[in-house]
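Undergrad: sequence and predicted model, in that order:
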Amino acid sequence: MVFWEGYVSDEAMGTFAPIVVYWLYAGFYQMLPPLDNYRLHTKKEEDEKNSVPLSAVVKGVLLQQLVQATVAQLLFMLTSKADASGITTQASIPVQILQIIIAMFVMDTWQYFVHRYMHQNKFLYRHIHSQHHRLVVPYAIGALYNHPLEGLLLDTLGGALSFLVSGMTARTAVIFFCFAVIKTVDDHSGLWLPGNIFHLFFQNNTAYHDVHHQLQGLKYNYSQPFFSIWDRLLGTHMPYHLVKLPEGGFEARLKKD
């Protein structure tokens with residue numbers, strides 16, 4: 001049993017919970033004080049280098065989430081496993097864990113190759129993917145700031161494939177997609193906070209993705225949002241040293257393998 005049972009359907013939770021979680025978690029980061037001692041870039045760099053205002057970022061994210069919610073509703077409608085009584089059979093916890101691991105691998109694989117191609121194809125980069133890189137210094141609310149077509153191809157379609165290939169139910173999807181949203185927001189936060197579990201357990205983290213947003217690392221570290229497997233296998237991994245700066249904050253200094 002889950003806390004929403006009897007109040008909201010699993011399909012509705014799978015559609016809207018990731019959106020709510022996005023704004024709660026990203027909003028938490030947005031409301032934090034400057035925290036200069038934990039930033040990967042100064043607030044001055046963020047203001048000077050980013051070429052899009054916060055209002056436009058918010059509108060772009062909301063548009064992508066509208067598309068995601070529409071696709072999610074259609075997907076759940078077409079794949080519902082409810083029997084005539086309306087009761088959905090839930091998998092055991094070990095099976096759910098396996099499904100989530102499979103979904104993570106599928107999402108990583110899809111996003112790596114689509115993301116990499118959008119960088120290698122000059123037309124796609126110039127007219128579509130460059131919108132995301134207007135945020136040279138990433139921040140949490142901008143995690144899903146993309147061109148609408150990229151949002152559909154990279155995130156929405158990638159999420160749909162992860163759901164279908166893993167065979168998870170809508171209830172398991174609530175857990176998976178909320179986790180994926182939190183991880184993506186964290187990777188774009190621009191903060192290296194002490195005790196952050198994502199930094200402890202994932203090599204693909206805030207600093208890893210920050211490297212990709214730097215000019216020197218633009219054609220490296222494509223992997224997102226969970227692991228760095230494909231970058232390492234296909235030669236697009238850019239290692240870095242995380243250096244504590246004397247004036248405060250950190251810097252991900254790049255080096256070649």
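TA: Cool, got the structure.
Undergrad: do you know how far the spatially most central residue of the chain is from K255?
TA: Geometric centre of the chain, nearest residue: T184, 2.6 Å, by CA atoms, centre = their mean. As judged by CB to CB, to the nearest Å, T184 and K255 stand 26 Å apart. Yep, even glycine has a C-beta here, placed from its N, CA and C like the rest.
Undergrad: repeat that for L233.
TA: In terms of CB to CB, L233 sits 19 Å off from K255.
Undergrad: which of those two has more neighbours?
TA: L233 (11 against 8; other CB atoms under 10 Å).
Undergrad: what's the spacing between that one and E46?
TA: Distance from L233 to E46, by CB to CB: 33 Å.
Undergrad: ok but A252 is inside a helix, no?
TA: No: judged by DSSP: H, G, I helix; E, B strand; the rest coil, A252 forms no part of a helix; its state is strand.
Undergrad: contacts only, for it.
TA: Going by CB atoms under 8 Å, 6 or more residues apart in numbering, A252 touches L40, A207, D210, V211, Q214, Y240, H241, L242, V243.
Undergrad: confidence score at the first one?
TA: Right, L40. For L40, the pLDDT comes out at 94.
Undergrad: that one - how many residues pack around it?
TA: 25.
Undergrad: swap in the second one?
TA: The number of residues packed near A207 is 20, by other CB under 10 Å.
Undergrad: check which helix or strand it maps to.
TA: Following DSSP states H and E, one finds A207 within helix 206-213.
Undergrad: same deal with the last one?
TA: Secondary-structure element containing V243, defined by DSSP H and E: strand 240-244.
Undergrad: pairing partners for that strand, with directions?
TA: Counting by DSSP bridges, the strands paired with strand 240-244 are strand 250-254 (antiparallel).
Undergrad: the partner strand: how far from the chain's middle?
TA: 21 Å (CA atoms, centre = their mean, to the nearest Å).
Undergrad: give me the low-pLDDT residue ranges for the stretch 1-150 of the chain?
TA: Judged by pLDDT under 70, the stretch 1-150 of the chain has its weakly predicted residues at 81-89.
Undergrad: all helices for it, in order.
TA: Using DSSP state H, counting those that start in this stretch, the helices of the stretch 1-150 of the chain run over residues 10-31, 43-49, 54-79, 93-120, 122-127, 148-150.
Undergrad: for whichever strand or helix holds I175, name the packing helices and strands.
TA: Assigned by DSSP H and E, I175 belongs to helix 170-187. Packing contacts for helix 170-187, counted by 3 or more CB pairs under 8 Å, 6 or more residues apart in numbering; DSSP states H and E, involve helix 10-31, helix 93-120, helix 157-166, helix 197-201, helix 206-213.
Undergrad: run the last query once more with 10 Å
TA: Here helix 170-187 touches helix 10-31, helix 54-79, helix 93-120, helix 157-166, helix 197-201, helix 206-213, going by 3 or more CB pairs under 10 Å, 6 or more residues apart in numbering; DSSP states H and E.
Undergrad: give me whichever of the ones you listed is most buried.
TA: helix 206-213 (a mean of 23; mean count of other CB atoms under 10 Å).
Undergrad: count of neighbours near G151?
TA: 24.
Undergrad: quick check, it in a helix?
TA: Yes: judged by three-state DSSP, G151 forms part of a helix.
Undergrad: ok, it to M13 distance?
TA: 21 Å.
Undergrad: same deal with K49?
TA: 38 Å.
Undergrad: hmm, back to that, chain center to the strand holding V243, what's the gap?
TA: Distance, centroid of strand 240-244 to centroid of chain: 23 Å (CA atoms, centre = their mean).
Undergrad: try stretch 44-54
TA: Taking mean C-alpha positions (CA atoms, centre = their mean), stretch 44-54 and its chain are 21 Å apart.
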